[in-house]
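1. Sharing a model that was predicted from the sequence below.
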Amino acid sequence: MPRTKADFKYTVFERDGFGWYFQYLVGDGKRSPMLSVKSLVKRMGLQEEHPKLKSKRQCERIVVLAYERGFIKINRGSRELLTDYLLDFWDFTGIRIRRLNKRRPGAVSENYAGIMRGYIKTHIVPLVGKGMEVADVSPKFVRDISNKLIDSGAMANSTVDKIMVAFTKPLRDAWKNDMIHENPTKLVEHVDTTPERQRGILTRSEFQKVLVVLKENATEHVYLAVLLAAATGMRLGEIRALYANDINVVNEQDAIIHVSKSWSIKGGEKSTKGKKTRSTPCPTWLANKLLDMAAKNTTGSSLVFWTVGGAKDNGPVASSYIRENFYGHLYDVLEAQAGVKVGTMVEDTDATARGKFDKEGKPLMVRAGEMMRRGRNISFHSFRHFFNTEAQALGATGDKLRLTVGHESKEMTDIYTRAENRLDMVKSIADISHLIVGEAEIVEDSVGSTECKRLQEKE
């Protein structure tokens, strides 16, 4: 049954240089955003009948026809506050995600929802007016938010892209459910997420110096985490989720580590990135050290990297504990290498550029080694790149390397079920793993504290 136009109040107007537009009154008496008549013609499939828009009368007929055919809904729009809607959308226990996970089990993890909600709370809410409603969102508003994030200069493009995903996904959902008048994301421009600079890695010489300092000064957790990351290319989350039964000693030289889990801050134990499992070789001497540390776990689990510092839970050691302790000892090496006195404090120029100062308005200070680390873009994750770079330099082939770092196909997983078979497949990688970190045991026995003291005296 055709719809009447008795309650349909609208206006058509021409914008210089842009063409014909229209607005109409929505259910609560507010005006809709300015909408393009040309876009309306395209939506209705009337391009042949109206190849050009020449007059106001012609456009008015098109708008009325669109209303009668249901392309325009005067009651469309939600009066829910935009900030409330965005935060509720990413609430893992809320109806929207529960419904989505019911349709597609595991579609949104608790950790992912928490990260997205954090992006909204930290970066989007401050840019949205307190009284803004969902129905008020326009394509221009969304594009302006994107531009503000980019113009702030405080984040990499990849971070801006993630924030915009957290922002636009709920908005597209709102549009599909008639809560917004038009596609709010149509003006958002693509953000190039190609890294502006490559991940930095340590040189082999620097790595050996770091091992010396770590062996002498770091806890066993930090020392073994660094060794394991360098020997296998495992991610920090995967290292934290390692259990004793994931380690299979094959012979006196080689062991196999089954990597099937990761650990995140909010979601706890989860599958690995890409939901892929893999088997990676590890020197037996290192595997035995990992098993020995797991045996010391008194928290009631067989986690290798169990929690430290008196924590009462039975989860793994905090990622910040591993990362920050590694950085602290890395500073010693970088500063000594640059001829800077170990422990020298310098201005945090990155913080100054962002307008951050201490309570007295003075520049924030950090270790000189921290500024060197940032400048070279070195992080704990760099060990994954270190392993790949070293392995390729030592002759690892692409297919076998992919098997050990996380690109194993399901077919390969099905074939290589026994530890001996898996080791045969990646024996060349196992040999390379020995070459990468095998010197660590030699360093411990032949150099030990003497070398560490020599290094510190040089610093």
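-> Alright, I've got the coordinates.
2. Going by neighbour count, list what's buried in the helix or strand where Arg99 lies.
-> Here Arg99 sits within helix 95-103, counting by DSSP states H and E. The neighbour-count check on helix 95-103 (16 or more other C-beta atoms under 10 Å) flags 96-97, 101 as buried. Any C-beta I mention is one placed from the backbone N, CA and C, and that applies to glycine too.
3. ok, now how distant is Val317 from Thr219?
-> Separation of Val317 from Thr219 (C-beta to C-beta, to the nearest Å): 9 Å.
4. rewinding a little: which secondary structure elements does the helix holding Arg99 sit against?
-> Applying 3 or more C-beta pairs under 8 Å, 6 or more residues apart in numbering; DSSP states H and E, we find helix 95-103 packed against helix 82-89.
5. The helix it packs on vs helix 95-103, what angle?
-> Note on geometry: by axes from the mean of the first three to the mean of the last three C-alpha atoms, to 10 degrees, helix 82-89 and helix 95-103 are set 30 degrees apart in direction.
6. list the buried ones in helix 82-89?
-> 82-83, 85-89.
7. for it, packing partners?
-> So helix 82-89, by 3+ C-beta pairs under 8 Å, 6+ apart, packs with helix 95-103, helix 157-176.
8. what's next to the shortest one, contact-wise?
-> Looking back up the chat, that one is helix 95-103. Contacts with helix 95-103, where a contact means C-beta atoms under 8 Å, 6 or more residues apart in numbering, come from 88-91, 107-108, 113, 173.
9. what's the closest of those to Tyr21?
-> Asp173 (26.0 Å; C-beta to C-beta).
10. residues contacting the closest one?
-> Taking C-beta under 8 Å, 6+ apart, we find Asp173 in contact with 89, 96.
11. Kindly report the same for the one 10 residues further on.
-> Contact partners of Asn183, counting by C-beta under 8 Å, 6+ apart, are 139, 172, 175.
12. The last one: how many residues sit nearby?
-> Applying the criterion other C-beta atoms under 10 Å, we find 20 residues in the vicinity of Trp175.
13. weakest of the helices and strands packed on helix 82-89 in terms of mean pLDDT?
-> Lowest mean pLDDT of the helices and strands packed on helix 82-89: helix 95-103, a mean of 86.
14. between that one and helix 157-176, how many degrees?
-> Using the same axes, to 10 degrees: helix 95-103 against helix 157-176 is 90 degrees.
15. Check the offset of helix 95-103 from the chain's centre.
-> Here the centre of helix 95-103 is set off from its chain's centre by 22 Å, with C-alpha atoms, centre = their mean, to the nearest Å.
16. And the closest residue in space to Ser264 that isn't next to it in sequence, what's its pLDDT?
-> In this structure, Ser264 finds its nearest non-sequential neighbour in Asn111, 4.3 Å apart by C-beta to C-beta, 6 or more residues apart in numbering. As predicted, Asn111 sits at a pLDDT of 81.
17. next one: the one 4 residues further on
-> Ile115 is assigned 89 on the pLDDT scale.
18. how many other residues sit next to it?
-> 17.
19. From Gly131, how far out is it?
-> Distance from Ile115 to Gly131, by C-beta to C-beta: 27 Å.
20. Out of the buried residues of helix 82-89, flag the one nearest to Lys73.
-> Looking across the buried residues of helix 82-89 and measuring by C-beta to C-beta, the closest to Lys73 is Tyr85, at 18.9 Å.
21. Find me the pLDDT at the closest one, would you?
-> Note on Tyr85: pLDDT of 91.
22. now for the helix or strand encompassing Leu330, which elements pack on it?
-> According to DSSP H and E, Leu330 maps onto helix 319-337. Secondary-structure packing of helix 319-337 (3+ C-beta pairs under 8 Å, 6+ apart): helix 204-217, helix 220-232, helix 236-240, helix 368-376, helix 448-458.
23. So in this protein, where's the weakest helix or strand by average pLDDT?
-> Scoring the helices and strands of the chain by mean pLDDT, DSSP states H and E places helix 410-415 at the bottom, with a mean of 37.
24. Can you give me the buried ones in stretch 151-161?
-> Here stretch 151-161 shows 160-161 as buried, counting by 16+ other C-beta under 10 Å.
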